[in-house]
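Peer 1: Pasting a predicted model and its sequence here:
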Amino acid sequence: MIAVNGPDHPGISAGLMQVLADSGAEVYDVEQIVVRGRLTLNVLIGVSGERATIGDLLFFGWQQGLHIEFEIVDDSPTPSRAMSAVTVIGMRIGPEEFGAVASAIAAGDGNIERIFRLSRYPVVSYELLVSGGSLDVIREGLVLAATQLPIDVAIQPDGLERRAKRMVIMDVDSTLIQDEVINLLAREAGVAERVSELTHLALTGEMDFEKSLRERVSLLKGLDQVALTRVFESITLTSGARTFIRTLQRMGMVTAIVSAGFTRFTNALAADLGIDYSLSNTLESVDGVLTGELTGEFVDGPRKAQFLTSIAEAEGIPLAQVVAVGDGANDLDMLAAAGLGIAFNAKPLVRERVDTKISVPFLDAILFIMGIQRQHVEDADASDPEFDVPDRIEVPGIPPV
């Protein structure tokens, strides 16, 4: 095993391989990483001993200003072990946070083989590739670490399915947008306190969802088009939403939103963001005034999961390649149906039942759990003249009923 360390510059790998070729060595494995301009390069070689390979390498290192060490290692192949990807996300990740994650992995008999940074803005995130160990035991330790420290941690089997996600479906209220639209409507109707109370009971699972929603909608009777327009114009996208959707589209992914909210708003959001599919409830109106009733199909938790599976089937996408994102109790069925279900700033009931959670207020942090590096996102944005479009809704007005 050859270990090469020192300041990085072009030509090191090429020169090293030329020395090995001239020495008649065989190369069995190579790994290299550069951190802040410092190179670490490991090469596993086989030599016959008939040529002065070590001397040639030492001379090459002296010429290049590199430190080179050698170690004789067992020539038996490294046994294949299952690999997992652990993603760590936080506003800050220091030695205490890293230590807690590493301890959880070690307690599950896993071994960290590689660590690399995914982002340092808007959050800090790292991916750790882990070999072996018990996924369940490691996950339990990581969940404990995330409850004790201000970090989010996710663990997934590292394979083709993780790297081949093809569809993302999201809840809308308090996920894609910062608001609960029905609470904004209630403010216009002067019933904000009662509607907020019913919304909370529904999203925490303390009240039947359909009963809660129909009762809340009944309190909106009499709102007109002017009030609905004011509500629409007050909606704010979650930070990073445009970056998240834009990146998914560049990757060729199918995108969908599904909500127990209302088509007047979700359809406009889908049009604004270029989202492929949208489903939500419809507020009944007569002459532009709400009747306090819903019309058409009712969208609740089970219907959200059905919508997910129907899109996946129509697009020919296995459920294992679907990512679902939500925050409320009525998202649980959808999160369970997807290959990767993510609780985004979710209610306690949801956090308890979903393995993967994000508590930072940036929707594009989901990209890091999917293994996408921030630098790749920024490089793509830099080539797009509209990359800095703000996370605000720009669609004027509301589509006709």
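Peer 2: That came through fine.

Peer 1: only C-alpha atoms for contact and neighbour calcs from this point on.
Peer 2: OK.

Peer 1: who touches the helix or strand that residue 323 is a member of?
Peer 2: Taking DSSP states H and E as the criterion, residue 323 maps to strand 322-326. Strand 322-326 has contacts (CA atoms under 8 Å, 6 or more residues apart in numbering) with 165-172, 175, 312, 332, 334-335, 338-344, 346.

Peer 1: Neighbours of the closest residue to residue 208 other than its chain neighbours, how many?
Peer 2: Closest residue to residue 208 apart from its sequence neighbours, by CA to CA, 6 or more residues apart in numbering: residue 202 at 6.4 Å. Residues lying near residue 202 (other CA atoms under 10 Å) number 20.

Peer 1: try residue 76
Peer 2: Residue 76: 6 neighbours (other CA under 10 Å).

Peer 1: Report pLDDT for it.
Peer 2: Model confidence at residue 76, expressed as pLDDT, equals 72.

Peer 1: go on, the one 4 residues further on?
Peer 2: pLDDT, residue 80: 67.

Peer 1: which SS class is the nearest residue to residue 67 once chain neighbours are set aside?
Peer 2: Excluding the flanking residues, the one nearest residue 67 by CA to CA, 6+ apart is residue 5, at 5.2 Å. Put simply, residue 5 is strand when judged by DSSP: H, G, I helix; E, B strand; the rest coil.

Peer 1: how deep is residue 5 tucked in, by neighbour count?
Peer 2: Neighbour count for residue 5, taken as other CA under 10 Å: 18.

Peer 1: and what of the one 3 residues further on?
Peer 2: The burial count assigned to residue 8 is 19, neighbours taken as other CA under 10 Å.

Peer 1: doesn't residue 38 make contact with it?
Peer 2: Yes - applying CA atoms under 8 Å as the test, residue 8 and residue 38 come out as touching, 5.5 Å apart.

Peer 1: coming back round to it: and whichever helix or strand comes after the strand holding residue 323, average pLDDT?
Peer 2: Using DSSP H and E, the next helix or strand after strand 322-326 towards the C-terminus is helix 332-337. Helix 332-337 shows a mean pLDDT of 96.

Peer 1: packing partners for the helix or strand following helix 332-337?
Peer 2: As assigned by DSSP H and E, the chain's next helix or strand after helix 332-337 is strand 340-344. Where contact means 3 or more CA pairs under 8 Å, 6 or more residues apart in numbering; DSSP states H and E, strand 340-344 is packed against strand 322-326, helix 332-337, strand 356-358.

Peer 1: The last one: partners in the sheet, and parallel or antiparallel?
Peer 2: Think strand 356-358. strand 340-344 (parallel) (DSSP bridges).

Peer 1: Run the chain-centre distance for the partner strand.
Peer 2: In terms of CA atoms, centre = their mean, to the nearest Å, the centre of strand 340-344 is set 8 Å apart from its chain centre.

Peer 1: can you check stretch 24-38 too?
Peer 2: The answer for stretch 24-38 is 30 Å, by CA atoms, centre = their mean.

Peer 1: list the buried ones in that stretch?
Peer 2: 24, 25 (16 or more other CA atoms under 10 Å).

Peer 1: ok so, going back, wait, the residue nearest to residue 67 touches residue 65, no?
Peer 2: No - counting by CA under 8 Å, residue 5 stays clear of residue 65, with 9.2 Å between them.

Peer 1: count of residues packed around residue 160?
Peer 2: Residues near residue 160, counting by other CA under 10 Å: 9.

Peer 1: Then residue 292?
Peer 2: Residue 292 has 18 neighbouring residues, counting by other CA under 10 Å.

Peer 1: who's in contact with it?
Peer 2: 217, 218, 219, 220, 221, 222, 283, 284.

Peer 1: Now it: phi and psi?
Peer 2: Main-chain torsions, residue 292, degrees, to the nearest 10: phi 90, psi 10.

Peer 1: Check residue 68 too.
Peer 2: Per-residue torsions, residue 68: phi -120, psi 130 (degrees, to the nearest 10).

Peer 1: Tell me the spatial nearest neighbour of it, not counting adjacent residues.
Peer 2: residue 4 (4.6 Å).

Peer 1: who does that neighbour bridge with?
Peer 2: Beta-bridge partners of residue 4, as defined by DSSP bridges: residue 41, residue 68.

Peer 1: for it, what are its contacts?
Peer 2: Counting by CA under 8 Å, 6+ apart, residue 4 touches 39, 40, 41, 42, 66, 67, 68, 69.

Peer 1: is it true that the last one touches residue 6?
Peer 2: I take that to be residue 69. No - using CA under 8 Å, residue 69 is not in contact with residue 6; the gap is 11.7 Å.

Peer 1: so how many other residues sit close to residue 296?
Peer 2: 9.

Peer 1: how much space is there between it and residue 263?
Peer 2: According to CA to CA, to the nearest Å, residue 296 and residue 263 sit 11 Å apart.

Peer 1: Overlap of the contact sets of those two?
Peer 2: Common neighbours of residue 296 and residue 263 (criterion: CA under 8 Å, 6+ apart): 281, 282.

Peer 1: Show the contacting residues for residue 190.
Peer 2: Contact analysis of residue 190 by CA under 8 Å, 6+ apart lists nothing.

Peer 1: got a pLDDT number for it?
Peer 2: pLDDT, read off for residue 190, is 95.
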